[in-house]
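**Student:** after the sequence you'll find the predicted model.
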Amino acid sequence: MKKNIHPNYTAITATCSCGNVIKTHSTLGHDLNLDVCGNCHPFYTGKQRVVDTGGRVERFNKRFSVPGASK
C-alpha cells in the first residue's frame, strides 16, 4: 500500500435517538447521530406492524368479477 494516501482509521461514537451508544472504528473522522438502531428498530423489537392486504384482494375481486358467472 502507498503511504500517506489512505484516510485515518479512528475510534468514533454512534449515538442513537433512543440513547443507545455504539463505539466503533471508522474513517469518517467524527461522531455519528443515528435515527434507529438494533435496540429500537421495530423489526428487531417485535413491534413491527403487519399490513393486512385481504381487504384489497376482496375489493379487486368485487370490481372485476363477471356478473352471473358460476363458481
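**Tutor:** Looks like it arrived, so ask away.
**Student:** specify the next element, helix or strand, located C-terminal of the helix or strand Phe43 falls within.
**Tutor:** Per DSSP states H and E, Phe43 falls inside helix 42-45. Scanning forward in sequence from helix 42-45 by DSSP H and E, the next helix or strand is helix 54-64.
**Student:** identify the residues contacting Gln48.
**Tutor:** Going by CB atoms under 8 Å, 6 or more residues apart in numbering, Gln48 touches Pro42. Bear in mind the C-beta positions are built from the backbone N, C-alpha and C, glycine included.
**Student:** what about the residue nearest to Val21 when sequence neighbours are not counted, is that helix, strand or coil?
**Tutor:** Distances taken as CB to CB, 6 or more residues apart in numbering put Thr15 closest to Val21, at 5.4 Å, once the chain neighbours are dropped. Secondary structure assignment for Thr15 (DSSP: H, G, I helix; E, B strand; the rest coil): strand.
**Student:** distance check, Thr15 against His25.
**Tutor:** From Thr15 across to His25, the span is 16 Å (CB to CB, to the nearest Å).
**Student:** out of the two, which sits in the busier spot?
**Tutor:** The residue with more neighbours, out of Thr15 and His25, is Thr15; 14 against 9, by other CB atoms under 10 Å.
**Student:** I'd say the more buried one and His30 touch.
**Tutor:** No. Assessed by CB atoms under 8 Å, Thr15 is found out of contact with His30, at 11.8 Å.
**Student:** low-confidence bits of the protein, can you list those?
**Tutor:** Applying pLDDT under 70 to the chain flags residues 50-53, 68-71.
**Student:** was I right to think Tyr44 contacts Val36?
**Tutor:** No. Using CB under 8 Å, Tyr44 makes no contact with Val36, being 9.2 Å away.
**Student:** wait, what's in contact with the residue nearest to Val21?
**Tutor:** Counting by CB under 8 Å, 6+ apart, Thr15 has contacts 21-22, 31-34.
**Student:** now do Cys37
**Tutor:** 14, 16, 18, 20, 22.
**Student:** look up how far His41 lies from the first one.
**Tutor:** In this case it means Ala14. For Ala14, the distance to His41 (CB to CB) stands at 14 Å.
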